[in-house]
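Engineer: Model the structure of this input:
(one chain, ligands or ions: 1)
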Amino acid sequence: MIIFNNGKYKSILAAESGELAEIAQTVQKDKDFRPHFHITPLTGLMNDPNGLIFDGEKYHLFYQWFPFDAIHGMKHWKHLITKDFQHYQSADDLIPCELFESHGCYSGGALKVDDKLAMFYTGNTRRPSDNQRVPYQNLAIFDLDGKLLSKRPLIENAPEGYTEHVRDPKPYFTENGKIRFICGAQRENLTGTAIIFEMDNLEDTPRLLGELSLPAFDNTNVFMWECPDLLKLGDKDVFIWSPQGKDREAHQFQNNYHATYAVGKLTDLTFEAKYIGELDQGFDFYAPQTFGGLDNKTHSVLFAWIGLPDLTYPTDKFKWHSALTLPRELRLEGTKIYQRPIAKTYENLTALSTLHLDGKAEIADLDRAYVKFEANNRAFNLTFFQNEKGQSLRLSYENGLVCLDRNQSEQTELMEKFDSKRFCEMENLQTVEIFFDHSIVEIFFNHGEKAMTSRFFIANRSNIITTQHPLNLTFGYLPTIHFC
Ligand code: FRU
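Structural biologist: All right, here's what the predicted structure looks like:
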């Protein structure tokens, strides 16, 4: 075991006594933005959800984590176990401590094999002689209680024809019981793709089968695919991934990077897509992963990172960064994914009340409320929150277009760089559901037809809501999540 401690490549094992407690105190100074019912790091930066797996009784989830600061430093896998997505227990984390993960345990996925949990992940390493990145694909075995049993490297280096950007293995079983995993990759000609490996069992050495062929996807300008995930929903196959470099468009793919999905039929390595779309049209949504695999039934649960690569947030000064979405249930309507918080979220809502809003009202704890209304396909224009700086968040709908506007709220330079409005085309907008959680807003249209997930930062806010057209609103509240 090696205790890495080299600048930002510092493992949690190298923490000095009291160091993390001191960082936690800085986090506690943030009185405005810490969410109540979303998973956030205790300290430091989190990004992708990793290793999502249901063990028959409990859900295991991990997230990419750098404990020491709000920067992308040495990545650990922070491990959480839950039965209800409400109470979370800690279990063994994946901590970089071997040469095959010397610069971080990067993203990956999980498979339950008999009574073990197999975590496939990327070992990020850098060659000491010239600092060249060298990716490993690794395997860590956990028992069902979340105890780490072993770790080993499976593949050293990128296969021929690919650059050093090969990562994020997500495993699944084939129909005849083989283990396959799909990795995001960059070809030597600097275009993005995904490659698939196969193993007979967990002791085997993986063999490269080839690239996932996805002829329907326009790969123009795409230089890397990250976080691929293959799953089944009903009788269709689904491919979810985060392609980088795709051109931004006026009303979709508006961020610097996007999470995308394809629905169709996977035959061996070929995915014939009937539909390809963006998964979420808010400001901050990336690297989603599901508990699903190709053996899945009619629905699957997804978590995503409420954040994007290369973004800074106003909470960075408090030494914490980013959150995970609420767990979302995915299902298909035809060839489109519908996504909503899992049913348990709705069961947990308390203090449901209704209000006929005409003009302006103050709503108790609006900043951690669930808000629902029927738009009846009519225009609306809502302003949420208010402070002495005149800051607020706006959501409007007109002529088939939703607009979420955070122009009048606090933004870092990097947030501003990618514009302050996000749009979502909705031909027939009926139901609007909003989950506010202090600096997070998750919005769902028509019971999950489209979603917009974003951060917003309004300090010292009052819980005022203003409407330009009279509306009947329903409010409710979610309990705080518990970490034991
Ligand atoms: C996506 C990503 C992955 C990588 C991980 C590192 O956000 O860049 O491709 O494995 O984050 O934290």
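
Engineer: Contact partners for the residue lying closest to Leu478 once chain neighbours are set aside?
Structural biologist: Nearest residue to Leu478, sequence neighbours excluded (C-beta to C-beta, 6 or more residues apart in numbering): Phe37, at 4.5 Å. C-betas here are computed from N, CA, C, even on glycine. Contact analysis of Phe37 by C-beta atoms under 8 Å, 6 or more residues apart in numbering lists 326, 368, 437, 478-481.

Engineer: make it 10 Å
Structural biologist: Counting by C-beta atoms under 10 Å, 6 or more residues apart in numbering, Phe37 touches 85-86, 326, 341, 345, 348, 368, 370, 435, 437-438, 440, 477-481.

Engineer: Which members of those are positioned in strands?
Structural biologist: Counting by DSSP state E, those place 341, 370, 435, 440, 477 in strands.

Engineer: Need the pLDDT of the first one.
Structural biologist: Pro341 is assigned 98 on the pLDDT scale.

Engineer: Offset the numbering so it begins at 844, please.
Structural biologist: All set: I'll call the first residue 844, so the last point we hit is now Pro1184.

Engineer: mind checking how far Val870 is from the ligand?
Structural biologist: As for Val870, its distance to the ligand is 20 Å (criterion: C-beta to the nearest ligand atom, to the nearest Å).

Engineer: Out of the ones in strands among the contacts of Phe880, which are close to the ligand?
Structural biologist: By C-beta under 6 Å from any ligand atom, no member of the ones in strands among the contacts of Phe880 lies near the ligand.

Engineer: which two in these are spaced the farthest apart?
Structural biologist: Ile1283 and Tyr1320 (14.8 Å; C-beta to C-beta).

Engineer: Tell me the residues of the protein that contact the ligand?
Structural biologist: When proximity is defined as C-beta under 6 Å from any ligand atom, the chain approaches the ligand at 890-891, 907, 918, 949-950, 965, 1010-1011, 1069-1070, 1129-1130, 1152.

Engineer: State the pair within the residues you listed that is farthest apart.
Structural biologist: Across the residues of the chain next to the ligand, the longest distance by C-beta to C-beta is 16.5 Å; it joins Thr965 and Tyr1129.

Engineer: so where's the longest helix in the chain?
Structural biologist: Ranked by number of residues, the top helix in the chain under DSSP state H is helix 862-871.

Engineer: thinking again about what came up before, neighbour count for Ile1283 and Tyr1320, which is higher?
Structural biologist: Ile1283 (27 against 18; other C-beta atoms under 10 Å).

Engineer: For the more buried one, list the residues it contacts.
Structural biologist: Applying C-beta under 10 Å, 6+ apart, the residues contacting Ile1283 are 876, 878-881, 883, 1125, 1127, 1149, 1165-1169, 1210-1211, 1296-1299.

Engineer: Quick check, central residue of the protein?
Structural biologist: The centroid of the chain falls nearest to Ala1147 when counting by C-alpha atoms, centre = their mean (1.7 Å).

Engineer: State the distance from the residue nearest to Ala1207 when sequence neighbours are not counted to Asp1208.
Structural biologist: Of all residues not flanking Ala1207 in the chain, Asn1306 sits nearest, at 6.7 Å (C-beta to C-beta, 6+ apart). Distance of Asn1306 to Asp1208, computed by C-beta to C-beta, to the nearest Å: 7 Å.

Engineer: One more: Ala1130?
Structural biologist: 30 Å.

Engineer: ok, those two, which is more surrounded?
Structural biologist: The neighbour comparison of Ala1130 against Asp1208 (other C-beta under 10 Å) goes to Ala1130, with 27 against 12.

Engineer: list the contacts for the closest residue in space to the more buried one that isn't next to it in sequence?
Structural biologist: Among residues not flanking Ala1130 along the chain, Asp891 sits closest, at 3.9 Å (C-beta to C-beta, 6+ apart). If you count contacts by C-beta under 10 Å, 6+ apart, Asp891 has them with 905-908, 918, 920, 949-951, 1011, 1069-1070, 1085, 1129-1132, 1146-1148, 1150, 1152, 1165, 1167.

Engineer: In strands, which of those fall?
Structural biologist: 905-908, 920, 949-951, 1011, 1069-1070, 1085, 1129-1132, 1146-1148, 1167.

Engineer: Please identify the helix or strand for the nearest residue to Leu1057 once chain neighbours are set aside.
Structural biologist: Closest residue in space to Leu1057, ignoring its immediate chain neighbours: Phe1114 at 4.8 Å, by C-beta to C-beta, 6+ apart. If you go by DSSP states H and E, Phe1114 is part of strand 1113-1121.

Engineer: Check the offset of that strand from the chain's centre.
Structural biologist: 20 Å (C-alpha atoms, centre = their mean, to the nearest Å).

Engineer: And it, what does it pack against?
Structural biologist: Contacts defined by 3 or more C-beta pairs under 10 Å, 6 or more residues apart in numbering; DSSP states H and E place strand 1113-1121 against strand 1079-1087, strand 1103-1110, strand 1179-1184, strand 1293-1298.

Engineer: quick one on the thing from earlier: ok, now how distant is the residue nearest to Ala1207 from Gly1233?
Structural biologist: According to C-beta to C-beta, Asn1306 and Gly1233 sit 16 Å apart.

Engineer: Looking at those two, which has the bigger crowd around it?
Structural biologist: Neighbour totals were compared for Asn1306 and Gly1233, and Asn1306 leads with 17 against 7 (other C-beta under 10 Å).

Engineer: Now do that one against Leu1209, distance only.
Structural biologist: Asn1306 sits 4 Å away from Leu1209, going by C-beta to C-beta.

Engineer: same deal with Tyr1100?
Structural biologist: Computed as C-beta to C-beta, the Tyr1100 to Leu1209 distance reads 31 Å.

Engineer: on that earlier part again, report the buried members of the residues of the chain next to the ligand.
Structural biologist: Neighbour counting by 16 or more other C-beta atoms under 10 Å classes 890-891, 907, 918, 949-950, 965, 1010-1011, 1069-1070, 1129-1130, 1152 among these as buried.

Engineer: how about the strands of the stretch 844-993 of the chain, start to end?
Structural biologist: For the stretch 844-993 of the chain, the strands defined by DSSP state E, counting those that start in this stretch cover 848-849, 852-853, 887-897, 902-909, 919-925, 930-933, 948-956, 959-969, 976-986, 991-999.

Engineer: And the residue of the stretch 994-1143 of the chain closest to the ligand?
Structural biologist: Ranked by C-beta to the nearest ligand atom, the top residue of the stretch 994-1143 of the chain for proximity to the ligand is Glu1069, at 3.8 Å.

Engineer: For Arg1010, see how far away that residue is.
Structural biologist: 7 Å.

Engineer: Ser950 contacts Ala1130, doesn't it?
Structural biologist: Yes. Applying C-beta atoms under 10 Å as the test, Ser950 and Ala1130 come out as touching, 6.9 Å apart.

Engineer: Name the residues contacting each of the two.
Structural biologist: Residues touching both Ser950 and Ala1130 (C-beta under 10 Å, 6+ apart): 890-893, 906-907, 1011, 1027, 1069-1070, 1148.
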